[in-house]
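Colleague: Need coordinates for the below:
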Amino acid sequence: MIDSNDTQPLAPRRNRVLDALKRAERKVFTRPAPKSAKAQIEFLYTRAKKSTKALAEQLGVSSRTVQRYRAGQQTKPQKKLHAALVEETESQWQPQVRAQARERAATSSGMMVEVTAYFGFTCTGSSDDGRERTLTTPISPTYVTEILRLRPAARTPNGSSPGTRA
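Modeller: The predicted model follows:
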């Protein structure tokens, strides 16, 4: 999809906004998410209803790999698995706390949005040279409700919603 005022696709911008919403939700955690690969695997294993096969599909690895991490035979995941573990763990960590924060933002407090933008001219050596600026603005609860309502449902790599089986 192309914005009529710009030639850049909207999808990357939308992804940045959704990533910012994820980061904001993670800031409300009351306890830190598991950090070690074994602890993350154990947490996700219980969330997958103690199904090694379901967890392996969710992470994009073999069932045997999940078993090795649970047994402590492997402790250092490769980059792709590490990224999947962090993302899945944090997206499923403290769902009630995140839901309460969304409810609070949508009904009473609203939210603060922070954006980094580039302002200025491309005039080398001038005081008009462009600079990055951070802008912070409050969003009223009415608009927060709309943002949360229109936010697409989280999808797993196989296209199903979290907690469902394809």
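Colleague: For the chain, name the helix or strand with the lowest mean pLDDT.
Modeller: helix 10-26 (a mean of 69; mean pLDDT, DSSP states H and E).
Colleague: Can you name the residues in contact with the next helix or strand after that one?
Modeller: Scanning forward in sequence from helix 10-26 by DSSP states H and E, the next helix or strand is helix 37-47. Contacts to helix 37-47, defined as C-beta atoms under 8 Å, 6 or more residues apart in numbering, come from residues 33-34, 51-52, 55, 58-59, 66, 69-70, 72, 74-77, 81-82, 85-86, 88-89, 92-93. Heads up, the C-betas are built off the backbone N, CA and C, glycines and all.
Colleague: buried residues in stretch 105-113?
Modeller: 105-106, 110-111, 113 (16 or more other C-beta atoms under 10 Å).
Colleague: how about the CA coordinates for that stretch, as CSV?
Modeller: In CSV, the C-alpha atoms belonging to stretch 105-113 read as follows (Å, rounded to 0.1, in the frame of the first residue of the first chain):
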residue,chain,number,x,y,z
ALA,A,105,-5.0,3.7,28.8
ALA,A,106,-8.2,3.3,26.9
THR,A,107,-10.5,4.5,29.7
SER,A,108,-8.7,7.0,31.9
SER,A,109,-5.0,7.8,31.4
GLY,A,110,-4.4,7.7,27.7
MET,A,111,-0.8,7.2,26.6
MET,A,112,2.3,9.1,25.7
VAL,A,113,3.7,8.5,22.2
